[in-house]
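Undergrad: can you look at this prediction? I've put the sequence above it.
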Amino acid sequence: MYLPDIGQILGLARLLGHTHLMPDEELVHRVALTTGLPSSEAIRVIEDVIAWHSESVEEFVRRRHTELQLRGTRNEQAFGVIAAELRNRPVRAPELSERQLRRIIYS
């Protein structure tokens, strides 16, 4: 295993509590081949992407709401943006009403 650079996600294995979780060899080969990265770097990139998308719906909603608020976006607009982004996630999230989004954020 490798040690991540400062500020990088430690990888999917740590996030999910697994002691060892290796990305699919074919995917590692494909990423390494198409990017010119060595296999060790391709594994790190794959783990970072998987970790980014392993965020729960609740975590995603809270994080995006905070980011949008920091940019001065009002709640009504923020809820529309978040709902649209949820529809475009690689693993489709359930449709959430404004009320459900509000409960996630403020509960």
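TA: Ah, there it is. Note that the structure is predicted; figures quoted are calculated from it, not measured.
Undergrad: and for the nearest residue to residue 55 once chain neighbours are set aside, the neighbour number?
TA: Of all residues not flanking residue 55 in the chain, residue 63 sits nearest, at 7.2 Å (C-beta to C-beta, 6 or more residues apart in numbering). Where you see a C-beta, it was placed from the backbone N, CA and C, and this is true even at glycine. Neighbours of residue 63 under the rule other C-beta atoms under 10 Å: 12.
Undergrad: any buried residues in the host helix or strand of residue 63, and which?
TA: Of the helices and strands defined by DSSP states H and E, residue 63 is found in helix 57-70. Using 16 or more other C-beta atoms under 10 Å as the burial criterion, the residues of helix 57-70 that qualify are 57, 60, 61, 62, 64, 65, 68.
Undergrad: again, but for stretch 94-107
TA: Of the residues in stretch 94-107, those buried (16+ other C-beta under 10 Å) are 96, 101, 104, 105.
Undergrad: equivalent analysis for stretch 26-35, please.
TA: Residues of stretch 26-35 classed as buried by neighbour count (16+ other C-beta under 10 Å): 28, 31, 32.
Undergrad: mean confidence score for it?
TA: When pLDDT is averaged along stretch 26-35, the result is 95.
Undergrad: how far does it sit from the chain's center?
TA: 20 Å (C-alpha atoms, centre = their mean, to the nearest Å).
Undergrad: ok, now stretch 57-65?
TA: The gap between the average C-alpha position of stretch 57-65 and the chain average comes to 10 Å, counting by C-alpha atoms, centre = their mean.
Undergrad: for it, which outside residues touch it?
TA: 55, 78, 81-82, 85-86, 89, 93-94, 96, 101, 104-105 (C-beta atoms under 8 Å, 6 or more residues apart in numbering).
Undergrad: same deal with stretch 79-91?
TA: Defining contact as C-beta under 8 Å, 6+ apart, one finds that stretch 79-91 is touched by 53, 57, 60-61, 64-65, 68, 73, 93, 95-96, 98, 101-102.
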